[in-house]
Structure formats: C-alpha cells, structure tokens
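Colleague: The following comprises the amino acid sequence and a computationally predicted model.
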Amino acid sequence: MPSFALRLAYDGTNFHGWQRQEPPESTPLRTVQGELDRALTEVMRASVNCQGASRTDAGVHAEGQVAAFTAECRVPLERMAAAINSRLPEDVRVMNAWPVPDDFDPVRHALSKGYRYEIACLRPLTARLPFDRKYVYATQHELALEPMRRAARDLIGEHDFVSFAHTQHGRESTIRTIHNCEVLTLSDERIAIDVSSNGFLYNMVRIIAGTLVEIGRGRIDAHSVPSILASLDRTRAGPTLPPNGLRLQWIHYPFDRAEPRLGTALPCPE
C-alpha cells in the first residue's frame, strides 16, 4: 500500500494543537490531526490515521508542518492536495503532496526543524494592529537587541535544555542540538527570533523567546545563558511567551525523502 507525505499550513488559533485529543466520555477536541484524518478518510474512502512531524501546541501556527499516511491512492497525485482541501476547514490547507518510501517516518527522519517567534515592539500607548493579535506577540517594553543576539548565540550547540522546557515535558532525554538561534530586525517595530534544531521540547521555543525578551528588557543578564543551561532549573529561565507569536516554518529531510519541487507532477504509485 503506498505512502504519502503532505506539507501543511494552518492557523492554530482555534485548534487545541496538532495532536488528536479524545477525552473519555467527552466530545473530541478540535485538533489539526483530527480534521486532517477526517478529510483523508473521506477522500480515500477508508479509515486513515496520519502522523505529524511536530506536535504544535494550542494556538501555534504552521506553514511547514509535514504529515504522512498510508492508503490506496483514490485520486491522481497532482489533484490530491486539492481533493483534501475541499474537505478541510479554511484554517488548515494542504500545500503539497508527494509519495514517500514505505518506511518514511516524519518524526524520526526529520534532520532539523525551524520555528519563528514574531514580536511587535510597540511604543508606549501605541495600539496594536487588530489583525496582529492572533499571529504576533506585542510588548511595549523597549528591547535592547544586541544583548539578545549575544545571548542567542550561547544557545547554539548541543546542551541539556531542561531549563528551557515545560516541567511536564514528558521526554526521557532533554538533550537537543540548536543549529541556529538569531534575533532578526524585520522593521522598525517588528523583530523575530528564529530557532532551528534537531528537535524541540515542550514549550522550548516559547521559553527561549521569553528568556531573550527578558534579556532585552535588562531583567536577565545577557551572559547568563550558560549558567541557566547548567543549572537544569526551569525557574532560572524566562517566562513562557503566548503561543500566538510562534510559527513552525520548515522541516528538513534527507534528499531521498524530501518534498519535490512545488508544481512537479508525479505519477500516482501503483
């Protein structure tokens, strides 16, 4: 039976995260995985359970989520994304679909993932644009960017990131490798924190962002990141910023499993 991968974009505002949640004796919560499984089951005319590469939290957005599933091909591959989208709500879209090897695992085979946390730096008494409220975190505190950039560099490399994870992270190992962490100026009143890694812990990017914001405010010393990491103490890092500013941007895979160039028509596997 053939296997496929999908690249997904979604507005996480009205979802309880990616992962399907079906509390006992209660109505299932609205999740991206739940909506996608329902749409795939309708298109394939058989029960389908997809697997996502990243379990984004409630309120977190994505433009580069990857999911995989196995099913008999019921539509031509070049029409698969459109067929699934016709059965999905408007706040989640399949951007591309392609065949993958039978052993493809969107989690295990991912080489790296990239997230962006976007922040609006408002002047005192300045109103935030109303359509930003779902997608950008806003602060009226003046942020010093150079200390934030200096601290971001200290996060790069292999470390135990338990100080930057929710206490209920649920992972046996909290060691991760951050490939890049930088603070970008997007405009006079807009910055972004871009973080890429071989994997992330629960709330890790939002805690990194919260820590860098506190450093920008002068509330945490810019040279303290190594000692925060070494402490293995969540209370030493900054707050967990809200989910609305966070977006999963991309996931990279080995070449033989990567997404083909957009627009490339591939034959439907036999």
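Modeller: Cool, the structure landed.
Colleague: Could I get the buried residue list for stretch 113-131?
Modeller: K113, G114, Y115, R116, Y117, E118, I119, A120, C121, L122 (16 or more other CB atoms under 10 Å). To be clear about C-beta, it is placed using only N, CA and C from the backbone, and glycine gets the same treatment.
Colleague: From M204, how far off is the third one?
Modeller: Y115 sits 9 Å away from M204, going by CB to CB, to the nearest Å.
Colleague: try the second one
Modeller: Applying CB to CB, one obtains 13 Å for the distance of G114 from M204.
Colleague: from what I can see F15 touches Q21, true?
Modeller: No - checked against CB atoms under 8 Å, the pair F15 and Q21 is beyond contact range at 10.1 Å.
Colleague: Lowest pLDDT pick from the buried residues of stretch 113-131?
Modeller: Ranked by pLDDT, the buried residues of stretch 113-131 bottom out at L122 (88).
Colleague: Give me the mean pLDDT for the longest strand along the chain.
Modeller: Looking across the chain with DSSP state E, the single longest strand is strand 175-187. For strand 175-187, mean pLDDT rounds to 97.
Colleague: Next, A46: secondary structure please.
Modeller: Here A46 is recorded as coil under DSSP: H, G, I helix; E, B strand; the rest coil.
Colleague: Could you pull up phi and psi at it?
Modeller: phi -160, psi 150 (degrees, to the nearest 10).
Colleague: Excluding covalently adjacent residues, which one is nearest to it?
Modeller: A71 (6.1 Å; CB to CB, 6 or more residues apart in numbering).
Colleague: still on that earlier bit, which is the next helix or strand following the longest strand of the chain?
Modeller: strand 190-197 (DSSP states H and E).
Colleague: Give me the helices and strands touching that next one, please.
Modeller: Judged by 3 or more CB pairs under 8 Å, 6 or more residues apart in numbering; DSSP states H and E, strand 190-197 is in contact with strand 112-121, strand 175-187, helix 204-217.
Colleague: So what's the gap between the second one and the chain middle?
Modeller: The reference is to strand 175-187. 14 Å (CA atoms, centre = their mean, to the nearest Å).
Colleague: residues of it that come out buried?
Modeller: Per 16+ other CB under 10 Å, strand 175-187 contains these buried residues: R176, I178, C181, V183.
Colleague: what does stretch 214-221 give?
Modeller: By neighbour count with 16+ other CB under 10 Å, stretch 214-221 contains the buried residues E214, I215, G216, R217, I220.
Colleague: and those, which two are the farthest apart?
Modeller: Greatest spacing in the buried residues of stretch 214-221, by CB to CB: G216 and I220 (9.1 Å).
Colleague: ok so, going back, next up, the contacts around the residue nearest to A46.
Modeller: Counting by CB atoms under 8 Å, 6 or more residues apart in numbering, A71 touches M1, P2, F4, L40, M44, A46, V48.
Colleague: low pLDDT regions in the stretch 51-200 of the chain?
Modeller: Within the stretch 51-200 of the chain, the stretches with pLDDT under 70 are 125.
Colleague: and with 80 instead?
Modeller: 74, 124-126, 128 (pLDDT under 80).
Colleague: Now do the strands in it.
Modeller: Here the stretch 51-200 of the chain has its strands, by DSSP state E, counting those that start in this stretch, at 51-52, 61-70, 92-100, 112-121, 137-139, 157-160, 175-187, 190-197.
Colleague: Would you mind putting these into CSV with distance to T31 alongside?
Modeller: CSV is the format used below for these (distance: least, CB to CB, whole Å):
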stretch, distance to T31
strand 51-52, 10
strand 61-70, 12
strand 92-100, 10
strand 112-121, 19
strand 137-139, 23
strand 157-160, 30
strand 175-187, 25
strand 190-197, 24
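Colleague: related to what we said a few turns ago, buried ones only from the contacts of A71, please, as a PyMOL command.
Modeller: Those of the contacts of A71 that count as buried under 16+ other CB under 10 Å are selected in PyMOL with:
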select buried, resi 4+40+44+48
